[in-house]
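*Asks:* Compute the structure for the input listed below.
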Amino acid sequence: MKELSLNILDIAQNSVKASATEIQILLNETEEVLSFDIIDNGCGMSEDFLKNVTNPFSTTRKTRNVGLGLPFLKMEAEMTGGTFEIISKSEKEYSDHGTKVSASFLKNSIDYIPLGDIVGTICILIQGADKIDFLFVHRKNEGEVRLDTREMREMLGDDVPLSTPEVITWAKEYLNECYSTL
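*Replies:* Residues are numbered from 1 along each chain as shown. Have a look, this model is predicted:
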């Protein structure tokens with residue numbers, strides 16, 4: 001993919017499909033490294049599926065027999081000299097089920113892909129899955145950008161869906177303002 005934010009969108013959409021009710025998107029960025037964790041409380045994966053999850057021909061899709069999101073992410077991270085890890089616990093075996101995908105990228109590598117439009121990615125996720133709680137945190141040396149949909153729900157009350165255009169516009173403006181102050 002041309003932007004890491006698209007990889008983040010792909011993984012978070014997998015979390016939505018896995019019936020997660022909470023998804024955390026945590027980015028840490030220094031001058032040298034960009035790393036992220038995407039953590040959900042979805043149904044998780046069996047140990048057998050987890051062993052093959054970075055194989056491009058391992059997928060749960062019914063429409064085609066190829067799943068390229070995680071294999072490409074792993075390849076992109078490792079090409080920069082970074083790392084990739086996935087941990088998952090199946091709901092069939094564990095009460096604390098869910099999945100954590102972690103990746104790090106060395107920013108000085110010629111193969112480093114820029115983060116891209118992370119604000120747009122977060123807004124798309126909120127708009128497309130407004131019943132799910134998202135926690136987004138991007139830590140940089142200069143400070144932190146944070147958005148928690150639980151706090152948004154508390155402010156708005158139960159009558160206003162997070163997917164309404166006004167709420168999405170506010171979230172976009174809020175995140176852009178936070179980034180402008182870093």
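*Asks:* List the neighbours of the longest helix along the chain that are in contact with it.
*Replies:* In the chain, assigned by DSSP state H, the helix with the most residues is helix 165-180. Residues outside helix 165-180 that contact it (Cβ atoms under 8 Å, 6 or more residues apart in numbering): 119-120, 122-123, 126-127, 145-147, 152, 156, 160-162. Every residue, glycine included, has its C-beta placed from N, CA and C.
*Asks:* can you put those residues in a markdown table and add pLDDT, distance to residue 138 and neighbour count?
*Replies:* Output for the contacts of helix 165-180, formatted as a markdown table (pLDDT from 0 to 100; distance: Cβ to Cβ, whole Å; neighbours: other Cβ atoms under 10 Å):
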| residue | pLDDT | distance to residue 138 | neighbour count |
| --- | --- | --- | --- |
| 119 | 98 | 10 | 21 |
| 120 | 98 | 14 | 15 |
| 122 | 98 | 9 | 25 |
| 123 | 98 | 14 | 19 |
| 126 | 97 | 15 | 22 |
| 127 | 97 | 19 | 17 |
| 145 | 98 | 4 | 22 |
| 146 | 98 | 8 | 13 |
| 147 | 98 | 9 | 20 |
| 152 | 96 | 17 | 19 |
| 156 | 93 | 23 | 16 |
| 160 | 93 | 25 | 14 |
| 161 | 95 | 25 | 12 |
| 162 | 96 | 19 | 20 |
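*Asks:* List the ones among those residues that fall in strands.
*Replies:* In strands, judged by DSSP state E, the following of the contacts of helix 165-180 are found: 145, 146, 147.
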